[in-house]
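A.B. asks: please find the sequence and the predicted model below.
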Amino acid sequence: MNAEQIKNLVRDVPDFPKKGVIFKDITPLLSDVTAFREAVRLLAAPYKGKGITKVLGVEARGFLLAAPAALELDAGMVPLRKKGKLPRKTVSASYALEYGTDTLHMHADALEKGDKVLIVDDVLATGGTCAAVIEMARELGAEVVAAAFLIELDFLGGRGKLKDTAVHSLINYK
């Protein structure tokens, strides 16, 4: 199975979560065991043997890809959550979305100086979410090796906000 076949399993849902936004629904992909397995393998493949120690997964759909990618890479998985979802001391960063703003939190002890991290999320849109994750990882002393996305919405220019971070996207929408 290749990236184009995987892309064919992503559904467009117009006007969700608000009018004018076309939501990329990955649930058909997730329900196809062959496609899901191959998508995770293809996301993780460029980073095998690169010494990744932690995979950072962004709430909520990013968790679905980051956890199995971490297993592929023999690395730990660190969840980045919305406010009030983590029980211990956290670091946080706020960011702009294509349709609003939000804040992510990560446990303050989730990363150690010298950790080599891969950020995994479902969609790269405006780049604000990933930029916030990079900021937190670096604040904790980690090296951000790259960011990997199932989907990249090229027309929103998010890659431009991640100037010094390598980006790998499985599916692109121009």
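C.D. replies: Perfect, I can see it now. Numbers count the residues shown, from 1 in each chain.
A.B. asks: the residue nearest the centre of the chain - nearest residue in space that isn't next to it in sequence?
C.D. replies: By C-alpha atoms, centre = their mean, the chain has its centre lying nearest to Asp121, at 1.5 Å. Closest residue to Asp121 apart from its sequence neighbours, by C-beta to C-beta, 6 or more residues apart in numbering: Gly62 at 3.9 Å. Placement of C-beta: from N, CA and C, glycine included.
A.B. asks: wait, what's in contact with the closest residue to Pro14 other than its chain neighbours?
C.D. replies: Distances taken as C-beta to C-beta, 6+ apart place Ile22 nearest to Pro14, at 5.5 Å, with adjacent residues excluded. Contacts for Ile22 were tallied using C-beta atoms under 8 Å, 6 or more residues apart in numbering; they are Asp12, Val13, Pro14, Asp15.
A.B. asks: can you list the residues you listed in TSV and add distance to Glu4, neighbour count and secondary structure?
C.D. replies: Output for those, formatted as TSV (distance: C-beta to C-beta, whole Å; neighbours: other C-beta atoms under 10 Å; DSSP: H, G, I helix; E, B strand; the rest coil):
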residue	distance to Glu4	neighbour count	secondary structure
Asp12	16	10	strand
Val13	21	11	strand
Pro14	22	9	strand
Asp15	26	10	coil
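A.B. asks: would a markdown table of the residues you listed with distance to Ala137 and pLDDT be doable?
C.D. replies: Output for these, formatted as a markdown table (distance: C-beta to C-beta, whole Å; pLDDT from 0 to 100):
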| residue | distance to Ala137 | pLDDT |
| --- | --- | --- |
| Asp12 | 32 | 97 |
| Val13 | 31 | 98 |
| Pro14 | 34 | 97 |
| Asp15 | 34 | 96 |
